Structures are given as structure tokens and as C-alpha cells.
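Novice: Here is the input, now give the coordinates:
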Amino acid sequence: MSGVRRVQVLVVGAGQAGLAAGYHLRRAGLDFAVLDAAAAPGGAWQHYWESLRLFSPAAYSSLPGRPMPGRPGAEWPDAEHVVEYLAEYEKRYELPVHRPVTVTSVADAGDGGLLARTDGGTWHARALISATGSWSRPFVPAIPGRELFTGRRLHTSGYHRAADFTGRRVVVVGGGNSGAQIAADLTGHAAAVRWVTRRPARFLPDEIDGRALFEIATRRVQDGGPRISDLGDIVATEPVRAARAAGLLTDHRMFDALTPDGPRWPDGEVWPADTIIWCTGFRPALAHLAPLGLRTGERGRIATIGTRAATDPRIHLVGYGDWTGPASATLIGVGRTARQAVAEIVALVR
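Specialist: Here you go, the predicted model:
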């Protein structure tokens, strides 16, 4: 196949998961390339809202090999800090990142390897690590009347700053961290905010931060300890605690339909709104793997054994959440599952 570039391992995505995989591939001495669809380093962090802060101090938010440096007077890093850290990490370890390159499909090459077709050519690899995350696939539930609403509709992925909603009446939908944080962020800017969740909001104890969450996930793997979901769904960050204490962050049950003027509840109440922000999560971005016909299950997830696709040992998935490794969607947690994936790939290609 003339014009096809060949490597032992191909990594798709150069966010935190792809970089952690690249670190371990470099240490293992394998020939690899990282293909990233973004024009600049930083993964999804370059798209997060301005007020976002990590749950943990910089020292507890690091990828393998390189601690995240802190900043004077800023204990909790913001998204810009993370982007700078990821860009520096990529350079420090001289990771072979090619961008912008979009992988459109991955198929069997017929010789035991894989062919990855991109908008910039074709690559051949013995194994592939998919680290595309989920930011590019926002999920919005199918609510009756959704298209009737005449106001502005956006997803977490389109939210940037609270000042953009000054004077507006905003419905924030979602009982996870992004829903609570964005609802809290809007207080003091929007004319009114109604936070809507499917079930009563479950806040984690105030003392739990990202470091504690990682330790809980680790104990879960080691000795079957409690799951994070057993303790709660929402980290009580300082802004969230402040809004809650001031009575500005009260959750309301989910509405059953949308009208042109706002959401309608089963009792007939319509809350006038001009904006709805869907903080309803994401789905894994795995369309590039469709030609392989891998077995999928709930929410489009590929069946895995650890990080390895259950029906194809050449494919590993890193960074998609607990189904591909406890805490694998976090900076501090992804290194462990990336190491596991690379160890299995080393055994495969050698």
C-alpha cells in the first residue's frame, strides 16, 4: 500500500488520555503516532467555561511523570491552566502529535493490522488506542415540545461565561457537577435561574475533592470499597456551597414538556424562560471504530475487558470514564489505565 504511513501503535486523540497513553508508549519504546482533530493542544479543556476550577489542587491533578505546576494564589487550577500544562507536557516528552488530523474510520487491514483513514491520508498500525473522549458528542434528551421553545437552547459544551446571560431567565437542566456549577455560576448575573434535575440533588460531603474521589476509586478497584455514586453525584465546590447556602441553588424536579414560553410541569405550571442550558452529559465519540463491528452495549459503549475491546485485542479505549477504568476520565486517574493499555499492547505487538 503505497502512501500509507506505518507505526506499531496509533493513538486517536491528544487530550489528557491520549497524552498519558503517549507517555507510556514512549517509555515502552514503541513506534507510535498521535492523531488529534483539534488545531491546538489542550483537548476539551480549551472549550470549558471561564469560571471552571478543578476539584483538586494542581499537585493532585497531574498526568504520569510530570506534576502539574501550581500558580501563586490559585490553589484550584482553571481550564486555561490545564491547557497550558497539557501543551507543555506534549512538548516535554516530545510526543509525536499530528494535528489537525481527523480520523474518519478504522478498519481491518487484512494482514493482522488496522487501517486508519483520515482527512490527511491513511495510517497502518498493529494496535490502536482510542482516546477521543466525549466532548464532541453532547447529549440532549428527547423532551416533548423541544422544538417549540422559542428561546435560546444550548448544551454545556456551548456555555462560556455567566455574563453572556445577564438579565435572562435561565433553566439549567442536569443533576451532575456541570449542572450545579453552571447554575451557581449564573446566580448574580441572570435575572432568574431554575435548576432542574430528574431526582433530588445528591451532594458529596463538603470535604471530598478530586483527590479523595481518586482514592475512593482506587479502593474500589483494590478491595471493593464504596462506589463514588453511593456517596453522591455533585462535588460541593466553594461557589456551589456559597450559592446553596444563600438559597440560590435549589433543585426542582424535571418538567415533562416544553412550550414556546418555557418548560411545563405535570401540574400545568409554565415557568417563563428565554434560555435553556442542557447539562445532560455526553456520549463517547466512537464513530471512527464503526467499521470494525465491535460489540456495543448501553449508551453506545463498546464492550471492554479493562481497556481492551472484548472482541478485538488490537483496540484499547482510554479515558472514557469508569467503564474503561476507574477515574479514567480525570487527569489524575487516566495514567493508570493508560499504563494498563500499553502493557497489553506491548505483549501483543512483540
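Novice: Mind splitting the chain into its structural domains?
Specialist: 5-136+282-349, 152-278 (automatic domain parsing).
Novice: which stretch among these comes nearest residue 143?
Specialist: Minimum separation from residue 143 across the domains of the chain (Cβ to Cβ) falls at domain 152-278, 5.7 Å. Glycine gets a C-beta too; all of them are placed from N, C-alpha and C.
Novice: Considering the domains of the chain, which stretch scores lowest in mean pLDDT?
Specialist: When the domains of the chain are ranked by mean pLDDT, domain 152-278 comes last with a mean of 87.
Novice: how long is it from one end to the other?
Specialist: One end of domain 152-278 to the other measures 11 Å (Cα to Cα, to the nearest Å).
Novice: quick revisit: can you put the domains of the chain in CSV and add distance to residue 144 and mean neighbour count?
Specialist: Shown next, in CSV, are the domains of the chain (distance: least, Cβ to Cβ, whole Å; neighbours: other Cβ atoms under 10 Å):
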stretch, distance to residue 144, mean neighbour count
domain 5-136+282-349, 21, 20
domain 152-278, 4, 17
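Novice: Just send these back as CSV, with distance to residue 146 too.
Specialist: As requested, these are exported to CSV (distance: least, Cβ to Cβ, whole Å):
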stretch, distance to residue 146
domain 5-136+282-349, 18
domain 152-278, 5
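Novice: Among these, which comes closest to residue 142?
Specialist: Comparing the domains of the chain by Cβ to Cβ, domain 152-278 comes nearest, at 11.0 Å.
Novice: Check whether residue 138 really touches residue 154, as I assumed.
Specialist: No: between residue 138 and residue 154 there is no contact, the gap being 9.3 Å when judged by Cβ atoms under 8 Å.
Novice: what is in contact with these two at once?
Specialist: residue 278 (Cβ atoms under 8 Å, 6 or more residues apart in numbering).
Novice: The top strand by length along the chain - which strands sit beside it in the sheet, and in what orientation?
Specialist: Counting by DSSP state E, the longest strand found in the chain is strand 121-130. Partners of strand 121-130 in the sheet, by DSSP bridges, are strand 5-12 (parallel), strand 114-118 (antiparallel), strand 312-317 (parallel).
Novice: between those strands, which gets nearest to residue 195?
Specialist: Comparing the strands paired with strand 121-130 by Cβ to Cβ, strand 312-317 comes nearest, at 32.6 Å.
Novice: And the contacts of that closest one?
Specialist: 106, 113-114, 126-131, 284, 286, 289, 292, 294, 302, 304, 307-309, 324, 341, 344-345, 348.
Novice: so after it, what's the next helix or strand?
Specialist: Reading on from strand 312-317 to the C-terminus, the next helix or strand found by DSSP states H and E is helix 331-349.
Novice: Using CSV, write down the CA coordinates of that next one.
Specialist: Output in CSV follows, covering the C-alpha atoms of helix 331-349 (Å, rounded to 0.1, in the frame of the first residue of the first chain):
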residue,chain,number,x,y,z
LEU,A,331,-6.3,13.9,34.9
ILE,A,332,-5.0,12.0,38.0
GLY,A,333,-6.8,8.8,37.1
VAL,A,334,-6.1,8.3,33.4
GLY,A,335,-2.4,7.4,33.8
ARG,A,336,-3.2,4.1,35.5
THR,A,337,-5.5,2.9,32.7
ALA,A,338,-3.1,4.2,30.0
ARG,A,339,-0.3,2.2,31.6
GLN,A,340,-2.5,-0.9,31.6
ALA,A,341,-3.5,-0.5,27.9
VAL,A,342,0.2,0.0,26.8
ALA,A,343,1.3,-3.1,28.8
GLU,A,344,-1.2,-5.2,26.9
ILE,A,345,-0.3,-3.7,23.6
VAL,A,346,3.4,-4.3,24.2
ALA,A,347,2.6,-8.0,24.8
LEU,A,348,0.5,-8.0,21.6
VAL,A,349,3.0,-6.3,19.2
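Novice: tell me which strands and helices it is in contact with?
Specialist: With contacts defined as 3 or more Cβ pairs under 8 Å, 6 or more residues apart in numbering; DSSP states H and E, the packing partners of helix 331-349 are strand 5-12, helix 16-28, strand 121-130, helix 210-223, strand 312-317.
Novice: so can I have TSV of the ones you listed showing distance to residue 235?
Specialist: Below are these laid out as TSV (distance: least, Cβ to Cβ, whole Å):
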stretch	distance to residue 235
strand 5-12	29
helix 16-28	18
strand 121-130	27
helix 210-223	7
strand 312-317	25
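Novice: Relative to residue 35, which of those is closest?
Specialist: Closest approach to residue 35 among those (Cβ to Cβ): strand 5-12, 5.6 Å.
Novice: Having no further points to raise, I will conclude here.
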